[in-house]
Structures are given as C-alpha cells and as structure tokens.
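S.K.: kindly return the folded structure for what I paste below:
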Amino acid sequence: MWTVCNDTITDWLKAYSKKGIDGILAWGYKGRQSFLTDEQLEKIRQRNDEKPFSNASEAVDYIEEQFGVRYNLSWVQKLLKKNWVCHTKKQN
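M.R.: Alright, predicted model coming up:
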C-alpha cells in the first residue's frame, strides 16, 4: 500500500481530468533509485536461472550475502514476480 496524502491524489485527479495522462507526466516525477544496480539484478536473475530460489526467504538471504542489502521479504517476493517467472513457495 502506498502512503500518499489525499491532497496529492486530488492534484493527480485534477491534472488527469484537465490534460489526461500528459497532465501528470508533465510534472516529471521519477521513482527513487533502487539500492540494486542493473548488474546486481542481472546476477540475481542468473542465480535464479541456474538454481531457482526455493522460496523468497532464500532470495532475501542471497541478496544480503552478495550485496550487503537486506530487503523486506514482501519486497523480494514482488521483485522476483515482477522481473522473472520465479517459482517460489509461499511462506507459512
């Protein structure tokens, strides 16, 4: 879930209703920079291709060991799902 204030959502809706998607894109917002580089993401993909992670917790540990960054389990689940077809078991 995002944490966006109601005023921001109202501004988005007004801009969209006046100028469509171009009204919002004109603001030039960009997401924050990832802590992982493209090269690191590629290394994760290669590791998953060679030996698929048995679950997202294993991927969390791998990322921390390789790159020194500890991500939340739910973020890693989204990362794996978004970037690669990854057959990870859901944690109980």
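
S.K.: how close does residue 10 get to residue 35?
M.R.: Going from residue 10 to residue 35 by Cβ to Cβ, to the nearest Å gives 31 Å. C-betas here are computed from N, CA, C, even on glycine.

S.K.: cool, residue 83 as well?
M.R.: Taking Cβ to Cβ, one finds residue 83 at 15 Å from residue 35.

S.K.: same check, this time on residue 4
M.R.: Taking Cβ to Cβ, one finds residue 4 at 22 Å from residue 35.

S.K.: what's the answer for residue 78, then?
M.R.: From residue 78 over to residue 35 the distance is 14 Å, taken as Cβ to Cβ.

S.K.: quick one: stretch 78-87 to chain centroid distance?
M.R.: Centroid separation between stretch 78-87 and its chain, computed with Cα atoms, centre = their mean, to the nearest Å, is 10 Å.

S.K.: so which residue is dead centre in the protein?
M.R.: Central residue of the chain (Cα atoms, centre = their mean): residue 79, 4.9 Å from the mean position.

S.K.: what's the pLDDT at residue 1?
M.R.: Residue 1 carries a pLDDT value of 50.

S.K.: repeat that for residue 26.
M.R.: pLDDT recorded at residue 26 is 88.

S.K.: please apply the same query to the one 5 residues further on.
M.R.: The pLDDT attached to residue 31 in the predicted structure is 73.

S.K.: that's all I had, so thanks and see you.
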